[in-house]
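Student: Model the following, please.
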Amino acid sequence: MTGRTPQKTAREMLQATGCRTRFAGFLAPGLPADRRDRLAQAMWLPPAAEPAGTAPLAVLLAAGEFAGELGVRAAMDTDALWLPPVAAWIEPPVEPAAGTDASGPAPDLATLLAEAGGSDLYLNLTTATAHDLQLGGRLLTALSARHPLEGERRNDVELALHEAVSNALVHGNLGVDGMKELSVQELERFSRDLADRLADPLLAARRIVIAVRIDPAEDGRRLATVEITDEGNGFTPGPRSSAGASGRGLDLIGDIADGLEIENGGRRIRLRFLL
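Tutor: Numbers count the residues shown, from 1 in each chain. Okay, the predicted model is just below:
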């Protein structure tokens with residue numbers, strides 16, 4: 001590694017062989033031009049003005065002081081950013097404070113982008129950003145734009161994705177217990193716990209990572225494998241139908257998905273859907 005710059009290391013990672021997705025550029029809605037240009041130099045990727053063409057693009061979403069009107073949530077609600085050629089949605093690491101080395105987060109971001117290249121679709125966001133975005137529906141939009149899903153199958157896949165993402169965010173990263181019964185008291189407790197945990201900056205900064213790979217299935221169809229990873233304390237799956245009024249919903253997910261695996265102490269769930 002002697003004599004090699006972080007920028008060259010980033011370029012080598014992004015050009016690694018065996019990648020499913022080779023990004024041609026990135027979009028950075030809401031980011032100031034100076035930070036966008038630093039990111040472009042660090043990642044060896046050009047910024048794009050808008051989603052266009054067929055070459056894959058990544059969306060880098062503004063964070064911290066820029067997560068306002070033109071920041072993360074506004075950008076994520078733009079429908080075009082969930083359609084091809086966009087194939088990754090990444091919230092960059094928080095930029096160092098003024099007076100510190102501005103190149104600090106660049107290797108971390110390059111690593112995330114290289115990781116995204118191993119999937120057909122990739123998402124890496126903080127819990128605070130992801131919580132209000134209805135990611136199940138957004139993921140379905142991105143997936144069905146490549147392999148159309150219709151009717152009840154589309155609704156079922158969206159429901160399973162929504163449940164799995166909610167589990168990772170609410171029960172995983174935020175550590176909020178599900179409702180044990182259907183009552184006003186339990187609903188108030190659940191809502192209060194959720195708000196309190198979201199207000200904790202350490203919990204809100206935990207990441208959710210979603211990686212989607214699409215491969216041929218044995219029957220000639222396509223098989224989508226969706227891995228959802230959180231940074232929570234994990235859990236041990238119990239007997240079916242034992243989660244109470246509001247639990248991790250594994251029964252529902254298992255009934256819809258064509259495959260279900262739980263790994264890493266409950267911090268990763270892998271779903272498979274025949275398309």
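
Student: Could you use CA atoms for every contact and neighbour count after this?
Tutor: Fine.

Student: Shouldn't residue 26 be within a strand?
Tutor: Yes: counting by DSSP: H, G, I helix; E, B strand; the rest coil, residue 26 is found in a strand.

Student: Hmm, residue 57 and it touching each other?
Tutor: Yes: between residue 26 and residue 57 there is a contact under Cα atoms under 8 Å: 5.1 Å.

Student: between these two, who's got more neighbours?
Tutor: When residue 26 and residue 57 are compared for neighbours, residue 57 comes out ahead with 28 against 25, by other Cα atoms under 10 Å.

Student: Residue 45 is in contact with the more buried one, correct?
Tutor: No: applying Cα under 8 Å as the test, residue 57 and residue 45 come out as separate, 9.7 Å apart.

Student: what touches both of those two?
Tutor: Contact criterion Cα atoms under 8 Å, 6 or more residues apart in numbering; residues shared by residue 57 and residue 45: 23, 24, 25, 26.

Student: so which of the residues you listed is the most crowded?
Tutor: residue 26 (25 neighbours).

Student: Now residue 211: phi and psi?
Tutor: Reported as degrees, to the nearest 10, the phi and psi values for residue 211 are phi -120, psi 130.

Student: Count residues in the vicinity of it, would you?
Tutor: 21.

Student: That one contacts residue 117, correct?
Tutor: No: using Cα under 8 Å, residue 211 makes no contact with residue 117, being 10.0 Å away.

Student: roughly how far apart are residue 199 and residue 252?
Tutor: Taking Cα to Cα, to the nearest Å as the measure, residue 199 falls 30 Å from residue 252.

Student: The two: who's more crowded?
Tutor: Taking neighbours as other Cα under 10 Å, residue 199 and residue 252 compare with residue 252 leading, 16 against 12.

Student: which SSE is the closest residue to the more buried one other than its chain neighbours in?
Tutor: Closest residue to residue 252 apart from its sequence neighbours, by Cα to Cα, 6 or more residues apart in numbering: residue 160 at 7.1 Å. Counting by DSSP states H and E, the element that carries residue 160 is helix 151-166.

Student: what element comes up after that helix heading to the C-terminus?
Tutor: helix 184-198.

Student: Enumerate the positions of that following helix that are buried.
Tutor: Going by neighbour count (16 or more other Cα atoms under 10 Å), the buried part of helix 184-198 is 187, 190, 193, 194, 197, 198.

Student: Make JSON lines from those residues and add pLDDT and distance to residue 78 to it.
Tutor: Shown next, in JSON lines, are the buried residues of helix 184-198 (pLDDT from 0 to 100; distance: Cα to Cα, whole Å):
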{"residue": "187", "pLDDT": "85", "distance to residue 78": "32"}
{"residue": "190", "pLDDT": "86", "distance to residue 78": "30"}
{"residue": "193", "pLDDT": "91", "distance to residue 78": "30"}
{"residue": "194", "pLDDT": "93", "distance to residue 78": "26"}
{"residue": "197", "pLDDT": "94", "distance to residue 78": "27"}
{"residue": "198", "pLDDT": "95", "distance to residue 78": "24"}
